[in-house]
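[1] My questions are about this predicted structure, shown below with the sequence.
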Amino acid sequence: MIKNIVIGLLGIASLSFAGNIKNVEAITEVFGDGENLSAVVLTYDKEIAGNSVSVSDYKVEGREIEKAYVSKQNEKNGEKSKNGKYVILELKRLPMVAQASDHSKEEMEKKKATGQKGPTLGGKGDAKPLKTITAEVTQTGSVKTVNGKVYNSEEKQVSTKTRQLIIEDFKQFVFTGKDGKTLKYNLYMPKNYDPSKKYLMVVFMHDAGAVSSETKYTLSQGNGATVWASPEWQKNHPSFVLAPQYEVVTVNDNYEYGPELDRTVELINSLTEKYSIDKDRIYNTGQSMGGMSSISLDSRYPDLFGGSYIVASKWDVNVTEPMKNQNIWFVASEGDPGAYPSLTEISDYLEKNGAKVQRMTVDAEQNQDEVNKEVQSKIEEGYNIYYTVYKNGNHRYTWQHAYDMKPAMEWLFRQKRNSSKVK
């Protein structure tokens, strides 16, 4: 579930910008545990000398400033200028939010014994309303203009605008299925889209905690959708990113699914007719409920996707036989009492039925470069199914880390539908 954070108390801060700071803009980014404030941009009335600005000159409520510099542009880009009207305050990333709400194996057994179940199929969920993330900032020191004028400290001010990096690059739509029911969705189109070229498309399906009527909720809850639309990824993989927003729970713990999944397939087919999308290179990914949805679709539509990246999920092993020839990467944590045993059972079952399975256990707490290096060393020609297990961890922990595992994501984008040769 999203933890939306509003930095500070709005009532005690100045909104008038009566001093030399004329505007304050908050910048957010999406991480594995959700959207959070990552930078603050201050606009001054005159150009500021870069050598007069330091971290100690500012304070952002509730956060630690990592970098402070002058820029010619009002963007978080890491590029310092000799002088400029904008002062960029980059913030130290917050520790990953602990996921204490996960249920232990004992708790799950107790729930089972008392007849309690997971989310109800077709249920509305309990996601909290999205809130605009803001920042409170104070100039505590003195800075100078390029003409040498000293700007002394100012009162605390609140941002009046928020930029949501990557989220702002998605457009929101509503699709109507054959049954007359609607499905909200977010779509990222590759920059400089050229209809004469063929593009890949990845479909991200969110977890039950993000079930909401707010279309952008799936983009804010974690980086399962936004990571594919990042400038870094799109630079080498120009592609469409589709992120449906489900208003109800699409699957349940009895392995039943709702009409939203077939409606999603209709949406995918509709987009392939509207845009120049390579039908052999459409991929699906999802976490928890979304990954369960992925397995359901892979089992029932074995010729639709080029590959799947399935995170922290479970399903009925008895219906997964059609997946044996598909290109799939499973991810689970040892401490996940639902996904870990289920994905282990499914991968074993698929292997017995002819799939080539490569397994690995990694420590997600080590440096991400080390994780990626370790994972990369396990990728070999001939395997069509990979299974990564994180040491310890829990349910949500899995997707907090899975979308930083770049070798797995690169592998996925190399796959093609009905491909018998896996590279």
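    Sure thing, it's come through.
[2] Residue 344: helix or strand, and which one exactly?
    helix 339-352 (DSSP states H and E).
[3] Could you pick out the longest strand of this protein?
    In the chain, assigned by DSSP state E, the strand with the most residues is strand 34-49.
[4] same for that one, what does it pack against?
    Helices and strands touching strand 34-49, by 3 or more C-beta pairs under 8 Å, 6 or more residues apart in numbering; DSSP states H and E, are strand 21-31, strand 83-91, strand 136-139, strand 143-144, helix 217-220. Heads up, the C-betas are built off the backbone N, CA and C, glycines and all.
[5] which of the ones you listed is buried the deepest?
    Highest mean neighbour count among the helices and strands packed on strand 34-49 (mean count of other C-beta atoms under 10 Å): helix 217-220, with a mean of 27.
[6] what comes into contact with it?
    2, 4, 30, 34-35, 127, 130, 164, 166-167, 170, 186, 204, 206, 210, 224-226, 243-245 (C-beta atoms under 8 Å, 6 or more residues apart in numbering).
[7] And the strands in the stretch 101-250 of the chain?
    Along the stretch 101-250 of the chain, counting by DSSP state E, counting those that start in this stretch, strands occupy 136-139, 143-144, 150-151, 157-158, 161-164, 171-176, 182-188, 199-205, 239-245.
[8] out of those, which comes closest to residue 299?
    Closest to residue 299 of these is strand 199-205 (C-beta to C-beta; 14.6 Å).
[9] Restrict the closest one to CA atoms and write it as PDB.
    What follows is strand 199-205, C-alpha atoms only, in PDB (Å, rounded to 0.1, in the frame of the first residue of the first chain):
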ATOM      1  CA  TYR A 199       8.100  -1.200 -30.600                       C
ATOM      2  CA  LEU A 200       8.100  -3.500 -27.600                       C
ATOM      3  CA  MET A 201       5.400  -3.200 -24.900                       C
ATOM      4  CA  VAL A 202       5.500  -4.200 -21.300                       C
ATOM      5  CA  VAL A 203       2.300  -4.500 -19.200                       C
ATOM      6  CA  PHE A 204       2.500  -4.000 -15.400                       C
ATOM      7  CA  MET A 205      -0.300  -5.300 -13.100                       C
END
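[10] Tell me what angle it forms with strand 239-245.
    Per axes from the mean of the first three to the mean of the last three C-alpha atoms, to 10 degrees, the angle that strand 199-205 makes with strand 239-245 is 20 degrees.
[11] So which of the strands of the stretch 101-250 of the chain is nearest residue 123?
    Among the strands of the stretch 101-250 of the chain, strand 239-245 comes nearest to residue 123, with 15.4 Å by C-beta to C-beta.
[12] for the closest one, packing partners?
    Right, strand 239-245 is packed against strand 182-188, strand 199-205, helix 217-220, helix 260-274 by 3+ C-beta pairs under 8 Å, 6+ apart.
[13] Please render these as CSV that adds mean pLDDT to the earlier fields.
    Listed next are these as CSV, based on pLDDT from 0 to 100:
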stretch, mean pLDDT
strand 182-188, 99
strand 199-205, 99
helix 217-220, 98
helix 260-274, 99
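[14] Please dump these into CSV; it should also carry distance to residue 399 for every row.
    Formatted as CSV, these follow (distance: least, C-beta to C-beta, whole Å):
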stretch, distance to residue 399
strand 182-188, 18
strand 199-205, 11
helix 217-220, 12
helix 260-274, 19
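[15] among the ones you listed, which is nearest residue 389?
    Residue 389 lies closest to strand 199-205 among those, at 21.6 Å (C-beta to C-beta).
[16] Give the pairing partners of the closest one; include direction for each.
    strand 239-245 (parallel), strand 277-287 (parallel) (DSSP bridges).
[17] most neighbours per residue, which of the ones you listed?
    Compared across the strands paired with strand 199-205, strand 239-245 shows the largest average neighbour count, a mean of 25 (mean count of other C-beta under 10 Å).
[18] What are the contacting residues of it?
    Under the criterion C-beta under 8 Å, 6+ apart, residues 170, 183-190, 199-206, 212, 214-219, 225, 228-229, 260, 264, 267-268, 271, 275, 277, 413 lie in contact with strand 239-245.
[19] Low-confidence stretches in the stretch 101-250 of the chain?
    101-117 (pLDDT under 70).
[20] got the helices and strands packed on strand 34-49 as JSON lines, with distance to residue 364 columns?
    Conversion of the helices and strands packed on strand 34-49 to JSON lines gives the following (distance: least, C-beta to C-beta, whole Å):
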{"stretch": "strand 21-31", "distance to residue 364": "14"}
{"stretch": "strand 83-91", "distance to residue 364": "23"}
{"stretch": "strand 136-139", "distance to residue 364": "33"}
{"stretch": "strand 143-144", "distance to residue 364": "41"}
{"stretch": "helix 217-220", "distance to residue 364": "22"}
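[21] So which of those is nearest residue 176?
    helix 217-220 (19.2 Å).
[22] With just CA atoms, put that closest one into PDB.
    Extracted in PDB, the C-alpha atoms of helix 217-220 (Å, rounded to 0.1, in the frame of the first residue of the first chain):
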ATOM      1  CA  TYR A 217      -2.300   4.900  -8.200                       C
ATOM      2  CA  THR A 218      -0.400   2.000  -9.800                       C
ATOM      3  CA  LEU A 219       2.300   4.500 -10.900                       C
ATOM      4  CA  SER A 220       2.800   5.800  -7.400                       C
END
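[23] Show the contacting residues for residue 321.
    Applying C-beta under 8 Å, 6+ apart, the residues contacting residue 321 are 299, 349, 350, 353.
[24] Quick check: the gap between it and residue 342.
    Distance, residue 321 to residue 342, by C-beta to C-beta, to the nearest Å: 15 Å.
[25] Next: residue 361.
    From residue 361 to residue 342 the distance is 17 Å (C-beta to C-beta).
[26] Break down the stretch 251-400 of the chain into its helices, ranges please.
    For the stretch 251-400 of the chain, the helices defined by DSSP state H, counting those that start in this stretch occupy 260-274, 289-300, 339-352, 368-376, 395-402.
[27] can you redo those helices as CSV with distance to residue 146 and mean neighbour count?
    Converted to CSV, these look like this (distance: least, C-beta to C-beta, whole Å; neighbours: other C-beta atoms under 10 Å):
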stretch, distance to residue 146, mean neighbour count
helix 260-274, 50, 17
helix 289-300, 51, 25
helix 339-352, 57, 19
helix 368-376, 40, 15
helix 395-402, 44, 26
